[in-house]
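**Student:** Build me a model:
(2 chains)
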There are 2 protein chains.
Amino acid sequence: MDKLTVDLLKAVSEYVDGGYTGAFNIRENGGCAGRQSTDNILIEGKKDGSGLDIYIKAGTKGEKVFIPACVTRGNVSDLVYNDFHVGAEADVTIIAGCGVHTDDEGEAAHNGIHRFYLEKGAHVLYEEKHLGTGEGSGQKKIDPVTHVELAEDAVLEMNTIQLGGVDHSTRTTGGSLADRAKLLIHESIMTDGDEYAMTDFDVDMNGEDCAVDLISRSVAKGNSYQEYHSRIKGNNRCSGHSECDAILVGKGRVNAAPELYAGHLDASLIHEAAIGKVAGEQILKLRTLGLTEEEAEKKIIEGFLKG
Amino acid sequence: MDKLTVDLLKAVSEYVDGGYTGAFNIRENGGCAGRQSTDNILIEGKKDGSGLDIYIKAGTKGEKVFIPACVTRGNVSDLVYNDFHVGAEADVTIIAGCGVHTDDEGEAAHNGIHRFYLEKGAHVLYEEKHLGTGEGSGQKKIDPVTHVELAEDAVLEMNTIQLGGVDHSTRTTGGSLADRAKLLIHESIMTDGDEYAMTDFDVDMNGEDCAVDLISRSVAKGNSYQEYHSRIKGNNRCSGHSECDAILVGKGRVNAAPELYAGHLDASLIHEAAIGKVAGEQILKLRTLGLTEEEAEKKIIEGFLKG
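**Tutor:** I've put the predicted structure just below:
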């Protein structure tokens, strides 16, 4: 593999020089740069070459699956369909980082279409980091599309982070929940320069006592612009919570448009949003501890994105 | 005036048998059923007959203007344009109730297009009650459109209440604020049966240190459906707050879609929304004080709509 790919893999996934421990598939500029299945986790190329089917056996516990994707040069527009079939009562971690790099004028783009089918009682922790690097003038784009189908008692936790350097990103996430299923999403998006990032959630809470908790944290620096849109639909006895908070720095701008639909008497839905700059008193407090203004702001923003 | 008109005027405005104290214009089935100006407040019909111009002299204090409108039968679709020109430093109350009644199969509809031009430092308290009555199968519709232009330091407080019985309502409110202007809106909307109510706010905070506070309370009973959409745009150093809370009863449904746009580093925007049914413990508490379940729910809903 390209040295650039290795650097990106280290930044966006848990890649170490010995490789990964567990099942993995490394996607590099639209091709396969390495693949490994385990006894419980089978990774197979789709017959039409459009992507992967990942089969996780029922009851598999504590294993990790790595499916990172990197684009390391311009004039690559990678599109991949990955389907995750997670058996009943499995409890696994899926790590799906994505790095795009260009040193030239060509566009470097990755579009990952991920579908998650969680069977009864399955639990998945999904970690995704996105990063753009390189000094080329070509646009770096990452436009993930995620669809989730959660069966009874299934739990999907998604932690997604856009570390920076991605010029253009539209993140579309949708799906539906059966009885007692839970979807817990925490996203952190950092934009700077002229970057644009858009998030669009659309979740159907169809099952009795299912729940969605959606936390979105954004920092818009430079001249960047972020849009947030969510639709949480309560079609049964269920609970939904969404929270989108944003910090503005410089000429950053944010539009937050969350939507709640209650179509059932026992749907209980809550939303909170706050947009503003870093509070002056927070900076002052850290400056009395010896930090410069820049260090204080950096620390506050780091804490905010994790929180 | 028709007895029905008198009953509606009493329900939606401060009408007493002696009439109104202050400037007024009573609109009945698209015509004028009475008009009075005062030394400080001039009410004039527009030359093209499309509505009224209301001129409030600069510095006018403590006066009231009544501009109620009633439709008392089917097959009336009333459309009126009323423009309020409020002079600098004036401080007045405008009462603009609307009642629609039909005992037949014809539609009874009122569309009031109101434009408010508040000059520097003017303060207006605007009170609006909407009510539908009558046993006819004809639709009762009230679709108000409000546009506000607030000059420096102007304050507009709008309290709008939909008491019930209105089959269809779309409420559109938009406008812009100059330096230090404030727009404070409190709306309460009650729907039942197959009623539909939609609220759409779109406000530009253009002035330095201007502010918007938007509180929407809805109760959706029966098989009714309510939609709420707001866009609060912070284009300068400003603060915006919106809150939309809804209570579901029976098969009532609600969709809440507030939007915040921060286009300036010093725009500070907050939104909260909650949708759910009346909490069981609240009902229990009131029942221990001797109320029946129905009485307890009624009391909680009344308090919620006022709050």
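**Student:** So is stretch A:172-191 next to chain B?
**Tutor:** No: using Cβ under 8 Å from any Cβ of the partner chain, stretch A:172-191 stays clear of chain B, coming no nearer than 13.5 Å. For the C-beta atoms, the positions are set from N, CA and C on the backbone; glycine is no exception.
**Student:** Tell me which residues of that stretch come out buried.
**Tutor:** By 16 or more other Cβ atoms under 10 Å in any protein chain shown, the buried positions in stretch A:172-191 come out as A:172-173, A:175-191.
**Student:** what distance separates the start and the end of it?
**Tutor:** 17 Å (Cα to Cα, to the nearest Å).
**Student:** which parts of the stretch 201-307 of chain A sit against chain B?
**Tutor:** So far as Cβ under 8 Å from any Cβ goes, the stretch 201-307 of chain A lies against chain B at A:234, A:246, A:248-263, A:265-277.
**Student:** Pretty sure A:S224 sits against A:S218.
**Tutor:** No: counting by Cβ atoms under 8 Å, A:S224 stays clear of A:S218, with 9.5 Å between them.
**Student:** Touching both of the two, which residues are there?
**Tutor:** Both A:S224 and A:S218 are in contact with A:191, A:197, where contact means Cβ atoms under 8 Å, 6 or more residues apart in numbering or on different chains.
**Student:** List the contacts of the spatially most central residue of chain A.
**Tutor:** By Cα atoms, centre = their mean, chain A has its centre lying nearest to A:T160, at 2.9 Å. Residues in contact with A:T160 (Cβ under 8 Å, 6+ apart) are A:128-130, A:171, A:185-188.
**Student:** got JSON lines for those residues, with pLDDT, secondary structure and distance to B:G62 too?
**Tutor:** Below are those laid out as JSON lines (pLDDT from 0 to 100; DSSP: H, G, I helix; E, B strand; the rest coil; distance: Cβ to Cβ, whole Å):
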{"residue": "A:E128", "pLDDT": "94", "secondary structure": "strand", "distance to B:G62": "62"}
{"residue": "A:K129", "pLDDT": "93", "secondary structure": "strand", "distance to B:G62": "63"}
{"residue": "A:H130", "pLDDT": "93", "secondary structure": "strand", "distance to B:G62": "60"}
{"residue": "A:R171", "pLDDT": "95", "secondary structure": "strand", "distance to B:G62": "55"}
{"residue": "A:I185", "pLDDT": "97", "secondary structure": "strand", "distance to B:G62": "54"}
{"residue": "A:H186", "pLDDT": "96", "secondary structure": "strand", "distance to B:G62": "54"}
{"residue": "A:E187", "pLDDT": "96", "secondary structure": "strand", "distance to B:G62": "53"}
{"residue": "A:S188", "pLDDT": "95", "secondary structure": "strand", "distance to B:G62": "53"}
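**Student:** before we move on, back to that, what score does the residue nearest to the centre of chain A have for pLDDT?
**Tutor:** For A:T160, the pLDDT comes out at 95.
**Student:** again, but for A:S176
**Tutor:** 98.
**Student:** residue contacts, the residue nearest to it when sequence neighbours are not counted?
**Tutor:** Sequence neighbours aside, A:D204 is the residue nearest to A:S176 in space, at 4.1 Å (criterion: Cβ to Cβ, 6 or more residues apart in numbering or on different chains). Taking Cβ under 8 Å, 6+ apart, we find A:D204 in contact with A:175-177, A:233, A:235.
**Student:** Give me the neighbour count for A:G31.
**Tutor:** Counted with other Cβ atoms under 10 Å in any protein chain shown, the neighbours of A:G31 add up to 8.
**Student:** Can you name the residues bridging to it?
**Tutor:** Note on A:G31: beta-bridge partners by DSSP bridges are A:E28.
**Student:** so what pLDDT did it get?
**Tutor:** So, for A:G31, pLDDT stands at 90.
**Student:** and it, how far is that from chain B?
**Tutor:** Distance of A:G31 to chain B, computed by Cβ to the nearest Cβ, to the nearest Å: 42 Å.
**Student:** Quick check: what element follows the least confident helix or strand in chain A by mean pLDDT along the chain?
**Tutor:** Lowest mean confidence among the helices and strands of chain A (mean pLDDT, DSSP states H and E): helix A:280-288, at a mean of 86. Once helix A:280-288 ends, the next helix or strand along the chain (criterion: DSSP states H and E) is helix A:293-306.
**Student:** any residues touching that next one, and which ones?
**Tutor:** Helix A:293-306 is contacted by residues A:161, A:188, A:190, A:217, A:219, A:245, A:247, A:249, A:278, A:282-283, A:286-287, A:291 when judged by Cβ under 8 Å, 6+ apart.
**Student:** Let me know the angle separating it from helix A:280-288.
**Tutor:** Relative orientation of helix A:293-306 versus helix A:280-288 (axes from the mean of the first three to the mean of the last three Cα atoms, to 10 degrees): 120 degrees.
**Student:** Mind listing what's buried along helix A:293-306?
**Tutor:** Of the residues in helix A:293-306, those buried (16+ other Cβ under 10 Å) are A:296-297, A:300-301, A:304-305.
**Student:** correct me, but A:G45 touches A:S37?
**Tutor:** No: under the criterion of Cβ under 8 Å, A:G45 makes no contact with A:S37, lying 11.4 Å away.
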